[in-house]
Structure formats: C-alpha cells, structure tokens
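Q: here's my sequence, what's the structure:
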Amino acid sequence: MCLGVPGEIIDIDQSDSLTRMGKVRFGGIRKDISLALVPEASAGDYVIVHAGFAISRLDQAEAAAVLETLEQLEQPL
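A: Just a heads-up that it's a prediction; the model follows:
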C-alpha cells in the first residue's frame, strides 16, 4: 500500500533543473523533496509527496480536506 501526503512548497532550489528540489512543509515539519516529476509546481502550491518525490499538484481546498481527514484519524475514538 502506498501513502501520498499533501504538503505545501515553501521554497524551490532553481540551481539544477534535472534534480529540481524544493522545501515542502507538512504541518510543522519541513523536508527537502524532489520536484522533478512536477516541473509546473511553484512555491505556494500543494503537492502529493510519496517516498521523497512530489508526484502531483493539488489545489488548496483539496489539500485542506485531506489534511483535515488525516487530523481526524489522529483523534482517539
């Protein structure tokens, strides 16, 4: 089973287009993520991240809905 997690791109390293990297925020956590598979993504965009790679873009409303669902899963029953 694969899990893709939404995150917001907060910065992009433009130094090498082949290994395009960005800093992506997941709540309070920031990680360096490969943006090579989403060349159209820019700072402020939300992306789905799997195994260190951004694999698709999604809009802010969609990202908020997914993050809310994940937050609800953390709540005790």
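Q: quick one: the helices in the protein?
A: 60-74 (DSSP state H).
Q: where in it is pLDDT low?
A: For the chain, applying pLDDT under 70 flags the ranges 1, 17, 77.
Q: tell me where the longest strand sits in it.
A: strand 5-13 (DSSP state E).
Q: residues contacting that one, please?
A: Residues outside strand 5-13 that contact it (C-beta atoms under 8 Å, 6 or more residues apart in numbering): 20-26, 30-31, 33, 35, 41-50, 54, 58, 62-63, 66-67, 70. Where you see a C-beta, it was placed from the backbone N, CA and C, and this is true even at glycine.
Q: in strands only, show me these.
A: Those of the contacts of strand 5-13 lying in strands (DSSP E): 21-26, 30-31, 33, 46-50, 54, 58.
Q: which members of these are classed as buried?
A: 21-24, 33, 46-49, 54, 58 (16 or more other C-beta atoms under 10 Å).
Q: save these as CSV, and put in distance to Q14 too.
A: Shown next, in CSV, are those (distance: C-beta to C-beta, whole Å):
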residue, distance to Q14
M21, 9
G22, 10
K23, 12
V24, 15
I33, 15
Y46, 20
V47, 17
I48, 22
V49, 19
A54, 15
L58, 22
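Q: tell me how far S42 lies from L73.
A: The gap separating S42 from L73 is 30 Å, by C-beta to C-beta, to the nearest Å.
Q: the two: which is more packed in?
A: Neighbour count, other C-beta atoms under 10 Å: between S42 and L73, S42 has more, with 12 against 7.
Q: contact partners for that one?
A: So S42 contacts 9, 12 (C-beta under 8 Å, 6+ apart).
Q: repeat that for A63.
A: Contacts of A63 by C-beta under 8 Å, 6+ apart are 6, 8, 46.
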